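A.B. asks: compute the structure for the input listed below.
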Amino acid sequence: MTNNIKSSTISGHDEIQAARRQINQLDQSIIDLLKKRFETSARIGRIKEESQLPVLDNDREKQVLEQVAQHDSDAETQKYLQNIFQAILKNSRDYQHQLMQKESK
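C.D. replies: Reported below is the predicted structural model:
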């Protein structure tokens, strides 16, 4: 009986470790994509500044959040993905503001 408990614990531990390695790989991919998104956001910020447009575009942000919901067929995770994208959008705006402040100095 002890052997069964030990072997299932080891097996569970190995499964967790494998899943964590997969999470680490996914996290790296997310980081790479977010870096590209921030680079593109910076470009958009420069265009907005040159065109004297506000950083916040409520219609665009609404559109992005709607797209997130459309691309996720799992109703249980839609709100979580939208929360994540709301944070991404806020951080993109903050980054654009920061770059604009640097350029105006």
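A.B. asks: going by C-alpha atoms from here, please, whenever you check contacts or count neighbours.
C.D. replies: Will do.
A.B. asks: where do the helices sit along this structure?
C.D. replies: 2-50, 58-71, 75-104 (DSSP state H).
A.B. asks: now do the second one: distance to the chain's middle.
C.D. replies: Put plainly, it is helix 58-71. In terms of C-alpha atoms, centre = their mean, to the nearest Å, the centre of helix 58-71 is set 14 Å apart from its chain centre.
A.B. asks: what packs against that helix?
C.D. replies: Judged by 3 or more C-alpha pairs under 8 Å, 6 or more residues apart in numbering; DSSP states H and E, helix 58-71 is in contact with helix 75-104.
A.B. asks: tell me the angle of the helix it packs on relative to helix 2-50?
C.D. replies: Here the directions of helix 75-104 and helix 2-50 differ by 40 degrees (axes from the mean of the first three to the mean of the last three C-alpha atoms, to 10 degrees).
A.B. asks: what helices or strands is helix 75-104 leaning on?
C.D. replies: Packing partners of helix 75-104 (3+ C-alpha pairs under 8 Å, 6+ apart): helix 2-50, helix 58-71.
A.B. asks: mind listing what Leu81 touches?
C.D. replies: Under the criterion of C-alpha atoms under 8 Å, 6 or more residues apart in numbering, the neighbours of Leu81 are 68-69.
A.B. asks: give me that answer again for 7 Å
C.D. replies: Applying C-alpha atoms under 7 Å, 6 or more residues apart in numbering, we find Leu81 in contact with Val68.
A.B. asks: where does pLDDT dip in this structure?
C.D. replies: 1-9 (pLDDT under 70).
A.B. asks: Asp72 contacts Tyr80, doesn't it?
C.D. replies: No: applying C-alpha atoms under 7 Å, one finds Asp72 not in contact with Tyr80, separated by 10.4 Å.
A.B. asks: would you reformat the helices and strands packed on helix 75-104 as CSV and include distance to Ile88?
C.D. replies: What follows is the helices and strands packed on helix 75-104, written out as CSV (distance: least, C-alpha to C-alpha, whole Å):
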stretch, distance to Ile88
helix 2-50, 9
helix 58-71, 10
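A.B. asks: with that, I have no additional questions.
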